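Chemist: Sharing a model that was predicted from the sequence below.
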Amino acid sequence: MADGAVAAVKPAFDAGGHVRRMREDGYTIVEGLMDADQIAAFRAGVEPLLGHYRGRNDFEGRTTERVYTLVARGKVYEQIVSDPRLLAILGAFLKPNFLLSASHAICIYPGEKAQSLHTDDAFYLVPRPRPALAVSVIGAVDDFTAENGATVVLPGTHRWGADEIEAFRDGRLPKDKIPEPVPLVMPAGSIAAFPGTLVHGAGANRSKAPRLGYTNQYCEPWLRTQENFYLAVPRDRVAAMAPETQSLLGYSITQPFLGMVTASHPAKTLDPGWTPAIVRQAVE
Ligand SMILES: O=C(O)CCC(=O)C(=O)O
């Protein structure tokens, strides 16, 4: 597929419309990415893991709990990471064999304050304005409301240059240059997708119930990912995943040879009995 083209998916799904909204407004919402069974499976998978930790800093959220490496914690998480509708949208922004960069559940408990507004690809030090080097997905497992901490976005800020970003961060940007914040109110099962250049953050949870959601973030295949999935996910688990998910986890080659394993394709490491060449070829 040509870079920037929109892949074909079921005719009823308007991937091109979502891509257009992301380019124009900086975000889009896809309702129904998870059905009721998937939502139930999502909850069942993370509930035993919740209730033990809190964020270690204001960014993670001190009244927020995150479950990292979500993709490898059950089938439903693999499905949502590589849903064909989502891959069609992502393929319009990122080069073939783009990677999963981060995958975690985010449970925002009542009383949590708003997360500081930020961009998700700020650590890739390529000057702005620029095309996104990453695309973020935020998914709703509970309904997202303005009261319970729905993600807040500043539409159009994906086009901001470095000067505007810095002035905004330092509180120097005139108020009339800052777009009205939009809470991403959406029903459970929906996702919001936006380029990594868009200013956004989790909202404050002023409700009486936790807000369960998740983020899956994707990046160009020539960039370092936030989570190191090669080390985090045992190879036998990767071997049992769909080829699209394996590719997202880095078991793919970016032309001409980024990602090779001792001059061979990384997917070969998923064969039973594979041993590294440096072990096989060891000289006594
Ligand atoms: O949970 C959310 O609504 C957004 C979280 C977020 O933006 C982040 O942690 O980078």
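Modeler: That came through fine.

Chemist: residue ranges of the strands in the chain, please?
Modeler: All strands of the chain, identified by DSSP state E, fall at 28-30, 64-67, 99-108, 134-140, 152-153, 182-183, 191-195, 200-201, 211-219.

Chemist: which other helices and strands contact the last one?
Modeler: If you count contacts as 3 or more CB pairs under 8 Å, 6 or more residues apart in numbering; DSSP states H and E, strand 211-219 packs onto helix 36-46, helix 75-81, strand 99-108, strand 134-140. Every C-beta, even on glycine, is put in place using the N, C-alpha and C of the backbone.

Chemist: Neighbouring strands - and their directions - for the third one?
Modeler: Which is strand 99-108. strand 64-67 (antiparallel), strand 211-219 (antiparallel) (DSSP bridges).

Chemist: What's the local residue count around the residue nearest to G203 when sequence neighbours are not counted?
Modeler: Excluding the flanking residues, the one nearest G203 by CB to CB, 6 or more residues apart in numbering is G149, at 4.5 Å. Counted with other CB atoms under 10 Å, the neighbours of G149 add up to 30.

Chemist: Was I right to think G149 contacts A209?
Modeler: No - taking contacts as CB atoms under 8 Å, G149 lies outside contact range of A209: 10.2 Å.

Chemist: Return the set of buried residues in stretch 27-44.
Modeler: Y27, T28, I29, V30, L33, M34, Q38, I39, A41, F42, R43 (16 or more other CB atoms under 10 Å).

Chemist: So the one residue sitting closest to the centre of the chain versus D170, what's the distance?
Modeler: For the chain, the residue sitting closest to the mean C-alpha position, by CA atoms, centre = their mean, is Q217 at 1.9 Å. Going from Q217 to D170 by CB to CB, to the nearest Å gives 25 Å.

Chemist: contacting residues around D143?
Modeler: Counting by CB atoms under 8 Å, 6 or more residues apart in numbering, D143 touches M186, P187, A188.

Chemist: quick one: which of the helices and strands packed on strand 211-219 is nearest the ligand?
Modeler: For those, proximity to the ligand was assessed by CB to the nearest ligand atom; strand 99-108 is nearest, at 4.2 Å.

Chemist: chain center to the closest one, what's the gap?
Modeler: Mean C-alpha position of strand 99-108 versus that of the full chain (CA atoms, centre = their mean, to the nearest Å) differs by 6 Å.

Chemist: quick revisit: looking at the strands paired with strand 99-108, spot the one closest to S136.
Modeler: strand 211-219 (4.7 Å; CB to CB).

Chemist: Quick one: mean pLDDT for that closest one?
Modeler: The pLDDT scores in strand 211-219 average 98.

Chemist: All good on my end, thank you.
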